[in-house]
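Visitor: sequence first, then the predicted structure, then my questions.
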Amino acid sequence: MHNIKDIRDNLDNFKKLISKRNVKVETNNISELDKQNRTLIQNKELLEKEKKDISKKKDQNLFEKSKEISKKIEKISSDQSQVKFKLDEILSSIPNIPLDDVPEGKDENSNLEIEKSGEIKNFDFKPKSHIDLGDNLKMLDFDLASKTSGSRFVFVTKKLAMLERALSNFMIDTHVNKNNYLEISPPLIANENTMYGTGQLPKFENDQFELVLEDKNDRKFLIPTAEVILTNMVKDQILDIKNLPLRFVASTPCFRKEAGSYGKDTKGMIRQHQFYKVELVSIVEPNHCIEELERMTNCATDILDQLKLPYRKVLLCTGDMGFSAEKTYDIEVWIPSEKKYREISSCSSCGSFQARRMKARYKNSKKETNFVGTLNGSGLAVGRTLIAVIENYQQVDGSIIIPEVLKPYMNNLEKIDNN
RNA sequence: GGAGAGAUGGCUGAGCGGUUGAAAGCACCGGUCUUGAAAACCGGCAAAGGGGCAACUCUUUCCUGGGUUCGAAUCCCAGUCUCUCCGCCA
């Protein structure tokens, strides 16, 4: 959510900045609605003052007049709240403004590769996909999942299930012990206001799994990412500056309808309705967002370094960023069967964009109340990491070598094979 | 599911129809004292929105939404949430 004051003072510049995003934004009505809104507020306050004065005087002769004023106030404030509603409706569906160093572009083709890391293994055989490997091992079952649940689900079984769990634990341990994140086991269901706070609502309702409840006004959603629930931990709060930064990590299932992605990655585990993800969230002073984004991204790549998986770091262009982000790095891991890098983490600074929606504030050193900055990043997407490990560590016989750092989490197992 | 209790400023917690935006304490900030710190003492300290270049000023807000009243944190109704007890249950 943008501050109407910032827009008001510099509408043309705002329009220019927002046009960098590859979205259509209706900015034309904003000025008019804002003007109407303020005029109505002024009129209302005038009447309220008048009424208040009468009440203070306690003069019986004026009581009738006070009643009349009340009626006028009623009318004018209903007009005002309608105008305000329309204004908020527009404002709440405008995405965040990209930072200056974000490359301009309309899709992923304009993303900027920042660095490559790790060595891409030269297989002396044709590397198989995780689908084939999982099928041969009889540890990934997509058909069964489609029977029990539908498309885009999977059963991960036996040693691969253990590997998935190991990955999750390894990531959490790293972020807690090495990177100073606070471990959280959060609710997986969020209410409407929480979803609004991080920007999933109102615009992306179709991407969410909503629960069916008797009470239509009580809306609840399965979280599409732990970002939603972790970031909202500070909503409606005024934090003490000495408690910042706050850093949270959680491993949770994520639920996504993936509406609009029909035909994309239909096979395999890349794009599922449900997947595990270890999520990092930071709550910081807004002027620390940029350095925190670097820190967070390093925490994510650290996992890949330790797993010895080749990856690259990409700076997303204006058109490819998420709704709430002002700057985003994607980490992409090498997938041998596809011979390309695939997103495994996305780290974003949201500036005060989400904080404004959540009313998450802090008192700065001058004792002024200000909105916090929020960041989120995957550290990492567990499902996709599982794919990356399976494919990058595959052997010619279809077995999977366990990465060194995961062995302690796998009862020191050396490799996963049919036995 | 049944029975109670509650929701007030960053926090704790008074107020229970009329300058109450709200006592007190804690926390925080400034000052005095001190070699320095602590303690003590003095002072300051809510948020959102509107107007103004500004000093400043106005309005709203004591869970939410209605109602009563000239006037509501205070009374009435509905709802939400939290806590305690009982039942059921992973």
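Guide: Okay, I see it.
Visitor: show the model's pLDDT score for residue A:266.
Guide: pLDDT recorded at residue A:266 is 80.
Visitor: distance of it from RNA strand B?
Guide: Plainly put, residue A:266 is 35 Å away from RNA strand B if you go by CB to the nearest atom of the strand, to the nearest Å. Quick note: C-beta positions are derived from backbone N, CA and C, even for glycine.
Visitor: what's the answer for residue A:310, then?
Guide: Here residue A:310 is placed at a distance of 41 Å from RNA strand B (CB to the nearest atom of the strand).
Visitor: please name the nearest non-neighbouring residue to that residue.
Guide: Closest residue to residue A:310 apart from its sequence neighbours, by CB to CB, 6 or more residues apart in numbering: residue A:118 at 3.4 Å.
Visitor: over to residue A:230?
Guide: Of all residues apart from its sequence neighbours, residue A:281 sits closest to residue A:230 (CB to CB, 6+ apart), at 4.0 Å.
Visitor: hmm, the residue nearest to residue A:310 is touching residue A:334, no?
Guide: Yes - between residue A:118 and residue A:334 a contact is recorded at 7.4 Å, counting by CB atoms under 8 Å.
Visitor: now the common contact residues for those two.
Guide: Between them, residue A:118 and residue A:334 share these contacting residues under CB atoms under 8 Å, 6 or more residues apart in numbering: A:309-311.
Visitor: from these, pick the one nearest residue A:387.
Guide: For residue A:387, the closest of the shared contacts of residue A:118 and residue A:334 turns out to be residue A:309, at 10.5 Å, with distances computed as CB to CB.
Visitor: assumed that closest one was part of a strand.
Guide: No - with the criterion set as DSSP: H, G, I helix; E, B strand; the rest coil, the secondary structure at residue A:309 is coil rather than a strand.
Visitor: can you pull out the strands in the stretch 201-350 of chain A?
Guide: Assignment of strands within the stretch 201-350 of chain A using DSSP state E, counting those that start in this stretch yields the ranges A:220-222, A:238-240, A:246-255, A:274-284, A:311-315, A:327-335, A:340-349.
Visitor: any part of the longest one near RNA strand B?
Guide: No - contact between strand A:274-284 and RNA strand B, assessed by CB under 7 Å from any atom of the strand, is absent, since the two come no nearer than 14.9 Å.
Visitor: so, low pLDDT: which residues of the stretch 201-350 of chain A?
Guide: For the stretch 201-350 of chain A, the stretches flagged by pLDDT under 70 are A:259-262.
Visitor: get me the contact residues on it for RNA strand B.
Guide: Counting by CB under 7 Å from any atom of the strand, the stretch 201-350 of chain A comes close to RNA strand B at A:215, A:218, A:238, A:240.
Visitor: most neighbours among those, please name it.
Guide: Note: the member of those with the most neighbours is residue A:238, at 13 neighbours, neighbours being other CB atoms under 10 Å.
Visitor: compare residue A:118 and residue A:334 (neighbour count), which wins?
Guide: Each of residue A:118 and residue A:334 has its neighbours counted (other CB under 10 Å); residue A:334 has more, 23 against 17.
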